[in-house]
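1. Need coordinates for the below:
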Amino acid sequence: MLEAILPNIGVDEDEATDTAGNLALSQVDVESKDGLAHMGWLLNRDTNAVDIHLPINEFAATHLAILASTGSGKSYTAGVLMEEMMMPDSRASLLVFDPHGEYDSLGEMRGSETFSGDGYQPEIEYFSPENLRIRISELSVGDVMSILDNPSDRMQERLDGGWRAMQRRESRTWGIDELLREMRNQYGEDDSSVGALEWRLRRSIQRNDLFTTDANVPLDDLVSPGRCTVLQMDTLDSRDQQMIATVLLRRLYQACLAAVRNRGDDPNYDGEVIEHPLFSLFEEGHRFAPAAGDAPSLGIMRTITSEGRKFGFGIGIISQRPSKIDPDVLSQCGTQVTMQIKNPEDQKAIRTSVEAAGEEVLRELPGLTPGQAVVSGDAMNTPVLIQVRERHTEHGADSIPATSQWRKAHEKRSQTPTKSESADMGGGESSGTEDLL
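-> Next up, the predicted model:
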C-alpha cells in the first residue's frame with residue numbers, strides 16, 4: 001500500500017527517511033525528538049524500522065482531525081497522541097471532552113517513569129458529571145434562547161433587555177429569581193410575556209442541576225502546562241454536553257484573546273487570562289460541531305478553528321462520521337489521521353473538506369485494518385501509511401466481548417436461586433411474575 005501513495009506524489013521512499021530511520025515529516029529536527037509525537041511505524045516495514053513522528057506544534061496550531069469507522073482505532077490513536085503530548089519534552093496543556101468515559105485510563109501516566117523527567121510528572125485531572133456545572137451568568141442571551149422552548153418575539157425582547165441589565169452588574173452570582181425581578185422592574189409586574197418566561201426559565205434552567213449561581217471553577221484549575229484535564233460527560237445528555245462545551249470554550253477563547261491583547265497587565269480588567277497555548281480534544285466531535293448546525297457549541301467551534309491559531313488555541317476532532325461534522329470546522333483541521341472508512345458519504349465528506357485527501361489517499365481507506373492510518377496535512381511533507389504504536393496506558397474504549405460476558409452472566413444466573421420458575425412462552429401456564437411491563 002505504501003507504493004500506492006508515495007510515487008503518485010513524487011516522493012521517493014529512501015529520500016523521505018533520514019539516516020536514523022525516521023520519516024522526515026516537516027521542517028523539524030527529527031534527531032532531537034523535542035516536540036515530536038511518536039505515532040508508530042511506516043506500514044509494511046518491520047516494527048521500529050522507520051519511525052513516524054508528528055510535529056506537535058504543527059497540529060496544535062492548525063487543528064487536527066482523527067477520522068475512522070467504529071472499531072478502527074480512532075480513540076486508541078487519540079490516546080497515543082495524548083500520551084505523546086504529556087511527555088516531558090512537550091508538557092502540553094490539554095483539555096479532553098469525553099462523552100463516553102473512554103479516557104479514564106490516562107491516570108496511569110501519574111508516577112510512570114515513561115512520562116517523567118527533569119522533575120516533571122504530568123498532572124491528570126478528572127471532572128465527573130456531577131462536578132460539571134455552568135454558572136448562569138456565563139450564559140449568553142443566545143444560549144438561553146436555545147435552551148427555552150420556542151419563546152415568542154415579545155418574550156425574546158423581554159429576555160434580552162433583562163439579561164443585558166443583569167450582565168452589567170458587578171456581581172456574577174445571580175440567578176433566575178434576580179433576572180425575573182429585573183424584567184418586572186423594566187416591563188411591569190403584570191407583563192404577560194415575563195409571566196410566560198418565568199415558567200420556561202424555572203423549568204429549563206433553575207430546576208436543571210447543570211446550572212448554578214456559584215462561582216466558576218478557575219480556568220487555571222482546568223488548563224495548565226503539564227496538565228491533562230478530562231471532562232467525563234457519560235451521564236449527561238447531548239444538549240447538556242453541548243452547553244458545557246459552549247460556555248467553557250467561550251471562556252477559554254476570551255482568556256486567550258485577553259493574553260494576546262495584554263489585558264493581564266490592565267488593573268481595570270477583572271477577566272481571566274491564559275498566557276500559554278492550549279489544545280482541546282473532542283471525542284464524538286460531530287456531536288459538538290454537527291453538520292446540521294443545531295448545536296449551541298457550533299458557533300464557538302467555528303470561531304476557534306478559524307481564528308484560534310492567532311491566540312494559541314488548537315482543537316482536535318475525533319469522529320466516526322465525517323459526513324456529520326460541520327464542513328467549515330472539518331476543513332479547518334489542517335492535519336488528519338484517517339483510518340478505515342467504508343461509508344461513501346463519509347468518504348465524500350473527507351474528499352470535500354480535507355484538502356490533503358487526494359484520490360490516492362481515499363483509495364486506501366476501505367482496506368485499512370484496525371490500528372492502520374493515513375497521516376496527512378499541514379504537519380506532513382507527504383501522506384504516509386502507518387501502523388499506530390502500542391499505548392503506554394491501558395485503552396478504555398474496547399468493545400465489550402459479548403459472548404464471554406453472556407457466558408459469565410449465564411453461569412452466575414444458574415448458580416443463583418430464583419424466586420420463581422421461568423415463564424412458559426409456549427402457551428402453557430406461567431408460574432413467574434406477571435404484568436412486568
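2. Quick test: name the residue nearest the centre of the protein.
-> residue 282 (0.9 Å; C-alpha atoms, centre = their mean).
3. Phi and psi next, for that one.
-> Backbone torsions of residue 282, given as degrees, to the nearest 10, read phi -120, psi 100.
4. Name the residues linked to it by a beta bridge.
-> residue 97, residue 317 (DSSP bridges).
5. so it touches residue 316, yeah?
-> Yes: Residue 282 lies in contact with residue 316 (C-beta atoms under 8 Å); the separation is 6.7 Å. Every residue, glycine included, has its C-beta placed from N, CA and C.
6. Give me the pLDDT for the residue nearest to the centre of the chain.
-> Turning to residue 282, the model gives it a pLDDT of 98.
7. cool, and residue 149?
-> Looking at residue 149, its pLDDT stands at 74.
8. how many other residues sit next to it?
-> Neighbourhood size, residue 149 [other C-beta atoms under 10 Å]: 8.
9. Correct me if wrong: it contacts residue 201.
-> No: between residue 149 and residue 201 there is no contact under C-beta under 8 Å: 10.6 Å.
10. Next one: residue 313 relative to residue 188, how far apart?
-> The gap separating residue 313 from residue 188 is 44 Å, by C-beta to C-beta, to the nearest Å.
11. Compare the two and say which one has the larger neighbour count.
-> Shown here are residue 313 and residue 188; by other C-beta under 10 Å, residue 313 has more neighbours (25 against 10).
12. Excluding sequence neighbours, find me the nearest residue to that one.
-> Leaving aside its chain neighbours, residue 313 sits nearest to residue 256 (5.0 Å; criterion: C-beta to C-beta, 6 or more residues apart in numbering).
13. Counting by contacts, list what the host helix or strand of the one you found packs against.
-> Per DSSP states H and E: residue 256 is located in helix 238-260. Here helix 238-260 touches strand 93-98, strand 134-135, helix 141-147, helix 219-222, strand 278-282, helix 285-288, helix 298-307, strand 313-319, going by 3 or more C-beta pairs under 8 Å, 6 or more residues apart in numbering; DSSP states H and E.
14. Let me have the ones you listed in CSV, adding distance to residue 375 as columns.
-> Listed next are the helices and strands packed on helix 238-260 as CSV, based on distance: least, C-beta to C-beta, whole Å:
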stretch, distance to residue 375
strand 93-98, 20
strand 134-135, 36
helix 141-147, 37
helix 219-222, 29
strand 278-282, 17
helix 285-288, 18
helix 298-307, 19
strand 313-319, 14
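15. Ok, which of the ones you listed comes nearest residue 370?
-> Proximity to residue 370, assessed across the helices and strands packed on helix 238-260 by C-beta to C-beta, is greatest for strand 313-319 (15.3 Å).
16. Please name every helix or strand in contact with the closest one.
-> Counting contacts by 3+ C-beta pairs under 8 Å, 6+ apart, strand 313-319 packs against helix 56-62, strand 64-67, helix 74-85, helix 238-260, strand 278-282, helix 285-288, helix 298-307.
17. Let me know which of these is tucked in deepest.
-> Here the criterion is mean neighbour count by mean count of other C-beta atoms under 10 Å, and of the helices and strands packed on strand 313-319 the winner is strand 64-67, at a mean of 28.
18. what's next to that one, contact-wise?
-> Residues lying outside strand 64-67 but in contact with it, judged by C-beta atoms under 8 Å, 6 or more residues apart in numbering, are 74, 77-78, 81, 285, 314-320, 322, 330, 333-339, 341, 346, 350, 354.
19. The nearest residue to residue 135 once chain neighbours are set aside sits in which helix or strand?
-> In space, and not counting its chain neighbours, residue 135 is closest to residue 216: 5.2 Å by C-beta to C-beta, 6+ apart. Here residue 216, judged by DSSP H and E, is contained in no helix and no strand.
20. just to revisit the earlier point, contacts only, for the residue nearest to residue 313.
-> Contacts of residue 256 (C-beta under 8 Å, 6+ apart): 274, 278, 308, 311, 312, 313.
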